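Enquirer: here are the coordinates; sequence isn't available:
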């Protein structure tokens, strides 16, 4: 009879975190596409209005997308500590004490990690290059502490009281 193996963990290197994020980006694109299709079908194709030359999207659509995508991350982190990208790269989110993260910790982590997306609001005023560059710079600043922290925690992990660990 085989003994159950103990989970051995180490702090997650930044490169693994970024690769898991790329995988999760693919999942997010799929979620956004499915929600968009369902909304188009539910509105009989009137979700996006282009009748007067300008593109107008229903006001409830973007918040709905944010809730659904946020729900994916919250459910993944709270139920098993892993998104699909984190599973592929053998990473798990835990509280600083090593337990599964609480809903509050997951919400704080999600809000702080997604905060740089708000900088995309600058795009209509300053252009795509500056708005997108500002968002990427904010994420770089958010991830910078992971290079210096002994547990390799990004700013959103430090403030949420969570740790991203690498499973062996």
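Expert: Received the coordinates, thanks. Predicted model, so just to flag it, every value in this text is computed and none were measured.

Enquirer: against which helices or strands is the worst-scoring helix or strand of the chain on mean pLDDT packed?
Expert: Between all helices and strands in the chain, the lowest mean by mean pLDDT, DSSP states H and E belongs to strand 9-11, at a mean of 78. If you count contacts as 3 or more C-beta pairs under 8 Å, 6 or more residues apart in numbering; DSSP states H and E, strand 9-11 packs onto strand 162-167. (Glycine included, C-beta is placed from N, CA and C.)

Enquirer: what lines up beside the strand it packs on in the sheet?
Expert: strand 9-11 (antiparallel), strand 91-95 (antiparallel) (DSSP bridges).

Enquirer: show the average pLDDT along the last one.
Expert: Spelled out, that is strand 91-95. Averaging pLDDT along strand 91-95 yields 94.

Enquirer: likewise for stretch 125-139?
Expert: 89.

Enquirer: what comes up buried for that stretch?
Expert: Across stretch 125-139, burial judged by 16 or more other C-beta atoms under 10 Å covers 131, 134, 135, 139.

Enquirer: kindly report the same for stretch 62-70.
Expert: 65, 69.

Enquirer: same thing with stretch 21-28?
Expert: So for stretch 21-28, counting by 16+ other C-beta under 10 Å, buried means 21, 23, 24, 27, 28.

Enquirer: how about residues contacting the helix or strand harbouring residue 73?
Expert: If you go by DSSP states H and E, residue 73 is part of helix 61-79. The contact list for helix 61-79 (C-beta atoms under 8 Å, 6 or more residues apart in numbering) reads 24, 27-28, 31-32, 35-36, 39, 47, 82-84, 86, 93, 100-103, 106-107, 109-110, 114.

Enquirer: let's see it at 6 Å
Expert: Applying C-beta atoms under 6 Å, 6 or more residues apart in numbering, the external contacts of helix 61-79 come out as 28, 31, 32, 35, 83, 93, 101, 103, 106, 110.
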